[in-house]
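1. Starting from these lines, generate the structure:
(chains A, B, C and D)
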4 protein chains.
Amino acid sequence: MKEFIQQQIDAFKENNKNKGRLLISCPDQPGIVSTVSEFLFKHGANIMESNQYSTNPESGMFFIRIEFSCPNMRSIEPSLKSHFHTIAEEFSMDFRFAFGYEVKKTAIFVSKELYCLRELLWEWQNGDLMTNIALVVSNHEDARDLVESLGIPFYFIPASKENRADVEEKQLKLLKEYEIDVIVLARYMQILTPTFVEAHPFKIINIHHSFLPAFVGARPYERAYARGVKLIGATSHYVTNDLDEGPIIEQDIMRVDHRDHVLALKKIGRLVERSVLARSVKWHLEDRIIVHENKTIVF
Amino acid sequence: MKEFIQQQIDAFKENNKNKGRLLISCPDQPGIVSTVSEFLFKHGANIMESNQYSTNPESGMFFIRIEFSCPNMRSIEPSLKSHFHTIAEEFSMDFRFAFGYEVKKTAIFVSKELYCLRELLWEWQNGDLMTNIALVVSNHEDARDLVESLGIPFYFIPASKENRADVEEKQLKLLKEYEIDVIVLARYMQILTPTFVEAHPFKIINIHHSFLPAFVGARPYERAYARGVKLIGATSHYVTNDLDEGPIIEQDIMRVDHRDHVLALKKIGRLVERSVLARSVKWHLEDRIIVHENKTIVF
Amino acid sequence: MKEFIQQQIDAFKENNKNKGRLLISCPDQPGIVSTVSEFLFKHGANIMESNQYSTNPESGMFFIRIEFSCPNMRSIEPSLKSHFHTIAEEFSMDFRFAFGYEVKKTAIFVSKELYCLRELLWEWQNGDLMTNIALVVSNHEDARDLVESLGIPFYFIPASKENRADVEEKQLKLLKEYEIDVIVLARYMQILTPTFVEAHPFKIINIHHSFLPAFVGARPYERAYARGVKLIGATSHYVTNDLDEGPIIEQDIMRVDHRDHVLALKKIGRLVERSVLARSVKWHLEDRIIVHENKTIVF
Amino acid sequence: MKEFIQQQIDAFKENNKNKGRLLISCPDQPGIVSTVSEFLFKHGANIMESNQYSTNPESGMFFIRIEFSCPNMRSIEPSLKSHFHTIAEEFSMDFRFAFGYEVKKTAIFVSKELYCLRELLWEWQNGDLMTNIALVVSNHEDARDLVESLGIPFYFIPASKENRADVEEKQLKLLKEYEIDVIVLARYMQILTPTFVEAHPFKIINIHHSFLPAFVGARPYERAYARGVKLIGATSHYVTNDLDEGPIIEQDIMRVDHRDHVLALKKIGRLVERSVLARSVKWHLEDRIIVHENKTIVF
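-> Residues are numbered from 1 along each chain as shown, chains lettered A, B, ... in the order given. As a prediction, the model looks like this:
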């Protein structure tokens, strides 16, 4: 299986080797688009897609995501990066480049419930998640067979309130060793410490099993049932140190009715959770998301 | 216009004059369905539609909604009602009959925002809300032209925290005078007192402009925007004395994105609010809703 | 894995050993509900859930699905079945009983595209499809590893227009040998002959990758793209001898836009196809579906 | 009422007097974005929002919609337009400018069913359709009171197969006299001749009461019911001379079930039709739609 995935990743790299992405956030002012597009043009890059957004055209922030292509991208990458600094300084930009021949490395954290993990692996096997799933970390053994059957390293790190420090030390060591770009909490039922979170700003994606901000915290389905809601939701968000308060990436819902007891809500909710999480991871891998003031701009 | 509506109502009464509905709540036990259906059969009533639900078949509550028809319904109504009491006692039932030749009288309360009122009047003119809209009450004059143009009495009762008692006294007097069965708060921006609410148990329908329990209370769109949600919702519920905590009748959502500022959220939200409220009123008028433990069973 | 599923199935049988279902279709007339419910009551059965529908209460067809429970169901099953015949004759009913200690045997047919198969196996492993997946039949080898890894027998039967007769002979032999109740075509890309179809009336469920009746036949995504639709759909239906014209069980859609080329439509469509198919199979296994005049009544 | 609308339109013009839109279609090639954005920059215009799309970045078509603002737009309009021609020629562009101080003039055509008309007028009164509804034309008298009550001229032009030529001559005369930019067929039940259609390329918006291409032609609800579909849809499209084959602007659906007979499907469908049509008209008025090869690009 693993070889097949590797082939897909190689094919993807090859097909996209002349494609690049540029994401920019900066104070809005006239001339940004013209300057940036001229810069790319002069480097022989053709803008294939471009999306921008301004919080307030008069005196606000400006955000743009540009997909561009050019022959021999690899060879002009250094020059692109170095020359762009001048522009970035002039307009006080935060920016990042991404290139089609780079593929992000992902770590998936999971506990006993495997349906979100399954969905991610499923999309991945379909070539719908273009990433290298480098390892899966769990505080339970349940996922081992599934993960190893795909040739992905599985690390069992038992976790509890007591040994959180050691656990995270082990985890951080692994993330470093595997040079992880993205961490997906696919129903990982442990709280992460500020140390861990701050080490990965807007790189940790979590799925919460409710339509946030309804039912922040534990046992949302039980509380949804108690409240008698008619819709069940799920929310994916970047993890920050405020529980369930990080920037929302995506949300969706399904209809339920009085017949649906807690177990039914959970089963229905699973369907929403896994599709919401998969979409979010996909968008993150495609560099579609910019975070600003605890909100996401999804291009 | 009014005559046209009256004609529709008369036609509706005529078409449904041999139709009845029976709603029952009681402790679950064997034999309920058989007893009730035999009772109706012996009265010459044919069960056209029947929906039931048990919270827990072993030791829970039982709920059923039956639509039945029989020739000369009007003439058997008294006998139906009197004879059913024996069964009701035997099974300790809460029950109510409704008959096709009865049409509920509705009062709509509104403030300055008219879109929910418009939707209700629109559905009503289409014959989709089979009720007699007997009057509209408002603490503003904005709705007068619209309401009176349809021949519906409009009562302007200015309201404020100070004069709440007098206001509600006037309102209660009107509701009594018009023999109102249902009160719809179509974006009526005043708090009702316990006295008022307790006088109309599960007869007051409110529309809240959020996906409850998210954003309970005031300014939900502003708070939804601040939180950066990706879906905007609306919730209709029966009014109880716990603000926004009454039994939820219906909820729905629409997708929004980072481009949608508060005003856009409001405009999108309006579409959800008016359709959610209209559906709920329709279900209430069709006697589809049973309330149990602060939840609705919608048959 | 297989043992785990077997344990789930055994647990399911045990939990439901005192539950039964009765589905009835017959000409409508007064007294049906009362007669049937009295019948069940006299056999000590308690009606847990009941849904009925009449095409036209005056002179139409009557359909009902009843879930009932009673102690020692197994011991009263024979008496239930034999005594019901009298009622069935009196009201000229088509009917069938189903019992919680019976679990249907399912065969899945698949070709090269595995996402629908994956979804079914996924739901099955979650205990959301209470059936015995007895075998998987394919005209390709692609699914073998996945299927056998779960301990399910996999049969590779190469198929072509030329050898259709032999292929179906082999298939029918297998279906008989495994005493199959339900056949799910999870993207099986071969036409079935009338002989095969007529041998399994309303027991073969197919997923069509469009919102039928739009794009009947081949290459629906290509045609959807050509037409510039804004929604992509999927339709599950029972297989009859009119291609894509069998009774529709379920449909759903997802939003697409001008950016989505054929490949993107296929990827999005997959999500709809697999959830629509899984829901339909679930409903079929729960005996929720009655077919009447090439339409489904889904209770 | 009319004054109120006029005030809103004036306010809208005032608020947007320094805003402009530029829509471009041309063969894709490097340098377009850079050239156009530099052009706008040099005219002192700030790009507020920009969306682009390329059918195929290597050798396809390029489409862009730019919203820009600049002080004294009105005074630079002539220079903008004249100078842009050089660029347009260089890149063989189709393009159009729109300015915030211009408001499109709309004609609504309607027959006996008023719900789509009601929705448009409702959105218009809410300030959600920024257009001047200059007149309503109908082949029936049903809409007169509603339309005239808002101070909008209403023209009754009886139509039939026989007098189509005269009817369209009258209609074309009115459209010319009122300088109409957009024609909305809000359930107008007459076929338009090629002469009429060709006089308004991609300026006539129709609502079809099905999920096209399902149920092209007449009586879609009847046919949807006969086919037993589980979703009811509506489709808005530009009118071309191929019946129901024009470029699709928007589609949406609602869920139905076996209980919903033709009348119910119609009532449910109305809700979809009116929201789909209203969204499409809004997008058209905001210059969000470009037509290419019988498809719409909606920015």
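
2. which non-adjacent residue is nearest the residue of the stretch 151-299 of chain A found nearest chain C?
-> Residue nearest to chain C within the stretch 151-299 of chain A (C-beta to the nearest C-beta): A:Lys267, separated by 6.0 Å. (Glycine included, C-beta is placed from N, CA and C.) Excluding the flanking residues, the one nearest A:Lys267 by C-beta to C-beta, 6 or more residues apart in numbering or on different chains is C:Asp128, at 6.0 Å.

3. Touching, that neighbour and C:Val281? I think so.
-> No. With contact defined as C-beta atoms under 8 Å, C:Asp128 does not reach C:Val281; the gap is 9.9 Å.

4. before we move on, back to that, alpha carbons of the helix or strand the residue of the stretch 151-299 of chain A closest to chain C falls within, as PDB, please.
-> Here A:Lys267, judged by DSSP states H and E, is contained in helix A:262-285. C-alpha atoms of helix A:262-285 as PDB (Å, rounded to 0.1, in the frame of the first residue of the first chain):
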ATOM      1  CA  VAL A 262     -27.700  10.100  22.500                       C
ATOM      2  CA  LEU A 263     -26.300   7.000  20.700                       C
ATOM      3  CA  ALA A 264     -28.000   8.000  17.400                       C
ATOM      4  CA  LEU A 265     -26.800  11.500  17.700                       C
ATOM      5  CA  LYS A 266     -23.200  10.200  18.100                       C
ATOM      6  CA  LYS A 267     -23.600   8.000  15.000                       C
ATOM      7  CA  ILE A 268     -25.000  10.800  12.900                       C
ATOM      8  CA  GLY A 269     -22.500  13.200  14.400                       C
ATOM      9  CA  ARG A 270     -19.600  10.900  13.300                       C
ATOM     10  CA  LEU A 271     -20.600  11.500   9.600                       C
ATOM     11  CA  VAL A 272     -20.400  15.200  10.100                       C
ATOM     12  CA  GLU A 273     -17.200  15.100  12.100                       C
ATOM     13  CA  ARG A 274     -15.300  13.100   9.600                       C
ATOM     14  CA  SER A 275     -16.300  15.100   6.600                       C
ATOM     15  CA  VAL A 276     -15.700  18.500   8.300                       C
ATOM     16  CA  LEU A 277     -12.200  17.300   9.500                       C
ATOM     17  CA  ALA A 278     -11.200  16.000   6.100                       C
ATOM     18  CA  ARG A 279     -12.200  19.200   4.400                       C
ATOM     19  CA  SER A 280     -10.300  21.300   6.900                       C
ATOM     20  CA  VAL A 281      -7.100  19.200   6.500                       C
ATOM     21  CA  LYS A 282      -7.400  19.400   2.800                       C
ATOM     22  CA  TRP A 283      -7.700  23.200   2.900                       C
ATOM     23  CA  HIS A 284      -4.800  23.500   5.200                       C
ATOM     24  CA  LEU A 285      -2.600  21.300   3.000                       C
END
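
5. Who are the packing partners of that helix?
-> If you count contacts as 3 or more C-beta pairs under 8 Å, 6 or more residues apart in numbering or on different chains; DSSP states H and E, helix A:262-285 packs onto helix A:115-125, strand A:182-185, strand A:204-208, helix A:220-227, strand A:231-238, strand A:248-255.

6. how about the residues of chain A near chain D?
-> Selection of chain A residues close to chain D by C-beta under 8 Å from any C-beta of the partner chain yields A:28-34, A:37-38, A:40-41, A:44-54, A:57, A:69.

7. Same drill for C:Asp128 and C:Val281, tell me which one is more crowded.
-> More crowded of C:Asp128 and C:Val281, by other C-beta atoms under 10 Å in any protein chain shown: C:Val281, with 29 against 17.

8. pretty sure the more buried one is in contact with C:Val184, am I right?
-> Yes. Counting by C-beta under 8 Å, C:Val184 is a contact partner of C:Val281 at 5.7 Å.

9. Quick check: neighbours shared by those two?
-> C:106, C:120, C:205 (C-beta atoms under 8 Å, 6 or more residues apart in numbering or on different chains).

10. Can you give me the pLDDT of the last one?
-> The predicted local distance difference test score for C:Ile205 is 98.

11. Setting the sequence-adjacent residues aside, check what's closest to it.
-> C:Val184 (5.1 Å).

12. can you check A:Asp142 too?
-> A:Lys112 is the one closest to A:Asp142 (C-beta to C-beta, 6+ apart), at 5.1 Å.

13. Could you measure from the residue of the stretch 151-299 of chain A found nearest chain D over to C:Ala278?
-> At 8.6 Å from chain D, A:Arg255 is the closest residue in the stretch 151-299 of chain A, using C-beta to the nearest C-beta. Relative to C:Ala278, A:Arg255 is positioned 16 Å away (C-beta to C-beta, to the nearest Å).

14. Please identify which of these two sits among more neighbours.
-> Here A:Arg255 and C:Ala278 are compared on neighbour count by other C-beta under 10 Å; more neighbours surround C:Ala278, at 24 against 13.

15. what residues does the stretch 151-299 of chain A put near chain B?
-> A:211-215, A:227-231, A:233, A:247-253, A:257-259, A:294-298.

16. Show me what residue of the stretch 51-200 of chain A gets nearest to chain B.
-> Counting by C-beta to the nearest C-beta, the stretch 51-200 of chain A gets nearest to chain B through A:Tyr53 (6.3 Å).

17. Let me know how buried that residue is, in neighbour terms.
-> 23.

18. now swap in the one 3 residues further on and tell me
-> Taking other C-beta under 10 Å as the neighbour definition, A:Asn56 ends up with a count of 11.

19. pretty sure it contacts A:Pro27?
-> No. A:Asn56 is beyond contact range of A:Pro27, at 10.7 Å (criterion: C-beta under 8 Å).

20. For A:Cys5, give its distance to C:Glu119.
-> Quick fix: residue A:5 is Ile, not Cys. For A:Ile5 relative to C:Glu119 (C-beta to C-beta), the value is 20 Å.

21. Pick out whichever of those two has more residues nearby.
-> Using other C-beta under 10 Å as the criterion, A:Ile5 and C:Glu119 rank with C:Glu119 on top: 24 against 19.

22. check contacts around the closest residue to the more buried one other than its chain neighbours.
-> In this structure, C:Glu119 finds its nearest non-sequential neighbour in C:Arg274, 3.7 Å apart by C-beta to C-beta, 6+ apart. Residues in contact with C:Arg274 (C-beta under 8 Å, 6+ apart) are C:115-116, C:118-119.

23. from those residues, which is closest to D:Gly20?
-> Distance to D:Gly20 across the contacts of C:Arg274 (C-beta to C-beta) is lowest for C:Tyr115, with 46.5 Å.

24. mind listing what that closest one touches?
-> Contacts of C:Tyr115 (C-beta under 8 Å, 6+ apart): A:122, A:126, C:187, C:270, C:273-274.

25. Can you say which two of these are spatially most distant?
-> A:Trp122 and C:Arg187 (14.9 Å).

26. that older thread, would the residue nearest to A:Lys267 count as being in a helix?
-> No. Assigned with DSSP: H, G, I helix; E, B strand; the rest coil, C:Asp128 falls outside any helix and is coil.

27. hang on, the earlier thing: would you say the residue nearest to A:Asp142 is within a strand?
-> No. Read with three-state DSSP, A:Lys112 is coil and lies in no strand.
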